[in-house]
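Undergrad: Can you look at this prediction? I've put the sequence above it.
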Amino acid sequence: MRSAAALVFGWLVPGGAYLLKGRYVQFATALALVCACLAAGIALQGSNRWPSHSELDGLDGFTSAAARAGAFTKLFAGVPYVIASLAGYSQSFINGQVHEYGTTLLIAAGLINLLVLAQAGKCRI
């Protein structure tokens, strides 16, 4: 149960698993990196919504699955992503190529937090 709580805390607070282990430099680095990616993605008006069926019409199965996986991956950024969503930040899934960099950074924020969580689980206390 203790590791499950650490896993949830590490997901909600980017780098939180490092914080629980007393590795403050790694925690600060992970938190700053995830928040910076998220902030840059929002500044570039990246998409944070789930793709609708109409936005995926005409795409092949792999591209459609990749778009859904990318939308799901953003959730791994944890509380910063939830705060942005609750604060009213909302961009449609496909607004054009201009927003692609922002969307990629939002996905990167989730992936970075997921990788940090996996790495923190391997560290000894």
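TA: Here it is on my side, so go on.
Undergrad: which outside residues touch the lengthiest helix in the chain?
TA: Assignment by DSSP state H gives helix 100-122 as the longest helix of the chain. Here helix 100-122 makes contact (Cβ atoms under 8 Å, 6 or more residues apart in numbering) with 3, 7, 10-11, 14-15, 17-18, 21, 23, 26, 30, 33-35, 37-38, 40-48, 70, 73-78, 80-81, 91. Just so you know, the C-beta spots here come from the backbone N, C-alpha and C atoms, and that holds for glycine as well.
Undergrad: Same question for it: list its buried residues.
TA: Using 16 or more other Cβ atoms under 10 Å as the test for burial, helix 100-122 gives 102-114, 116-117, 120.
Undergrad: quick one: the helices in this structure?
TA: 2-12, 16-20, 24-43, 53-56, 61-73, 79-86, 100-122.
Undergrad: Turn the ones you listed into JSON lines, columns for mean pLDDT.
TA: Converted to JSON lines, these look like this (pLDDT from 0 to 100):
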{"stretch": "helix 2-12", "mean pLDDT": "81"}
{"stretch": "helix 16-20", "mean pLDDT": "87"}
{"stretch": "helix 24-43", "mean pLDDT": "89"}
{"stretch": "helix 53-56", "mean pLDDT": "80"}
{"stretch": "helix 61-73", "mean pLDDT": "82"}
{"stretch": "helix 79-86", "mean pLDDT": "82"}
{"stretch": "helix 100-122", "mean pLDDT": "82"}
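Undergrad: Mean neighbour count, those: which tops it?
TA: Burial of the helices of the chain is given as mean neighbour count (mean count of other Cβ atoms under 10 Å); helix 16-20 ranks first at a mean of 22.
Undergrad: and that helix, what does it pack onto?
TA: helix 2-12, helix 24-43, helix 100-122 (3 or more Cβ pairs under 8 Å, 6 or more residues apart in numbering; DSSP states H and E).
Undergrad: Show me the residue at the heart of this protein, geometrically.
TA: Gly110 (2.1 Å; Cα atoms, centre = their mean).
Undergrad: And it, how close does it get to Ala71?
TA: From Gly110 across to Ala71, the span is 10 Å (Cβ to Cβ, to the nearest Å).
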